[in-house]
Every structure is written in structure tokens, then in C-alpha cells.
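Q: Take a look and give me a structure for this.
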Amino acid sequence: MTYASSTTGLLLAAGRGTRFDPTGLQNKLLTPLPDGTPVACAAAHALLSVLPHVTAVVRPGAEALAHALNDAGCDVVFSTDAERGMGASLAAAIRATAQAEGWVVALADMPWIAPATIEAVARGVDGGASVVAPIYRGRRGHPVGFGAMHLDALSSLDGDVGARSILETAEVTAFEVDDAGVLADIDTYTDLHRQR
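A: Have a look, this model is predicted:
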């Protein structure tokens, strides 16, 4: 880590992943990528390569995932409201890190985001931007950075729309990247073998 960011990384890892395994028996976030790294740990390592503090949010009952993410270097919080959706999970992570000077929010099923992209988002937040997001071929991707001025709005999110309401009303600093990883999530077994 060469850039010392003051933002906190948040890794959202509380989803059920039912498109990956409708039975719910296989946690896609613990499924190994071709190099053997579990999906969520690869996403965590990318964040931790740039950000000094990363908090992951998981659902109750996902102890194996919590241990893996803790071993990867993340602080872990359990969201008892995870069933209500991504907004509730994000709010739990924000409340657990309310003292942060800003946040870089990433999804645990997106393991191929380049550290350079994460650093660019963090630099934007550190520089005082309200919201920062990468754009790849005209589409906004992840991670998304939020300044501390959004603490109240983020900590009161609920449901499954995530921070969409903030993204629609705040000034978003967007920048083009040559990083397809900002759009590449893992929904199926086939996705595990996508190239970075």
C-alpha cells in the first residue's frame, strides 16, 4: 500500500446468492476462484491493498465467511437486518464505522476490481468529493465512494435499493476507467472463470 487513504473500505457480503445456488447450501462468496482464493477474500484483498481499514458486513449464520474475511484482514460486523436487503446491510456497516472520514463501498461478489480503480475512488473521497464512481464503457460501476457528509443518509438506508437515492441526488464525480472488473460480478458458476 503506497497511498495512505483516510477513507474506510466497506465490503458488503451479506447477500444470499440464490442465483448462484438456489438451494442456499453453497455460499458463492466462499467458492474458490481458479487461483484458489475465495471470491469474497479476493474482493477483500483488493480493498486492503489500498485502504488501511476494511469492514465487511455478513449475515447471521455466515460464521465461516466471517472467519475467512477476518483472516483476510477485515473487521467483520453481522447485520441482523440483512434479510431486508443491501440498503440495510450498508446502513449496518456505516453505523459500525460512523467515525470514518468517508467510505469506499464494494461488493464481495466483485473480486476483479483493480487496486488502481479503488485508489482513484479513495483519492476522490479524500479530496472532498461527495460521491465518486468509476465508469467503464458508459456504465457506472463499483466501488463507489461516499464522503462523510452522507453519514446520516447512509446509516438510515433500508430495503434492497442500496444507496441509489443518494446517487440520484448527490453530485457524483465520475471518471473513466479501463477496468472491466468494475462491472463484473459473480452470479453463476460460469462467472467464476471470467478473466480479470
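Q: just the helices in this structure please.
A: Secondary structure of the chain by DSSP state H: the helices cover 39-48, 63-72, 86-96, 115-126, 151-155, 164-169.
Q: which residues sit against the first one?
A: Outside helix 39-48, the residues that touch it by C-beta atoms under 8 Å, 6 or more residues apart in numbering are 1, 9, 11, 13, 28-33, 37, 54, 56, 65, 68-69, 71-74, 104, 106-115, 118, 143, 186, 192. Any C-beta I mention is one placed from the backbone N, CA and C, and that applies to glycine too.
Q: Tabulate the CA atom coordinates of that helix in PDB.
A: Presented in PDB, the C-alpha positions along helix 39-48 are these (Å, rounded to 0.1, in the frame of the first residue of the first chain):
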ATOM      1  CA  VAL A  39     -14.400 -14.900  -4.000                       C
ATOM      2  CA  ALA A  40     -15.000 -12.600  -1.000                       C
ATOM      3  CA  CYS A  41     -11.400 -12.800   0.100                       C
ATOM      4  CA  ALA A  42     -10.200 -11.700  -3.400                       C
ATOM      5  CA  ALA A  43     -12.500  -8.700  -3.200                       C
ATOM      6  CA  ALA A  44     -11.300  -8.000   0.400                       C
ATOM      7  CA  HIS A  45      -7.600  -8.300  -0.700                       C
ATOM      8  CA  ALA A  46      -8.200  -5.700  -3.400                       C
ATOM      9  CA  LEU A  47      -9.700  -3.200  -0.900                       C
ATOM     10  CA  LEU A  48      -7.000  -3.900   1.700                       C
END
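Q: so it versus helix 63-72, what angle?
A: Helix 39-48 and helix 63-72 are oriented at 30 degrees to each other (axes from the mean of the first three to the mean of the last three C-alpha atoms, to 10 degrees).
Q: All further residue positions should be reported with the first residue as 27.
A: Taking 27 as the first residue, the last one we looked at is helix 65-74.
Q: Run the chain-centre distance for helix 65-74.
A: In terms of C-alpha atoms, centre = their mean, to the nearest Å, the centre of helix 65-74 is set 9 Å apart from its chain centre.
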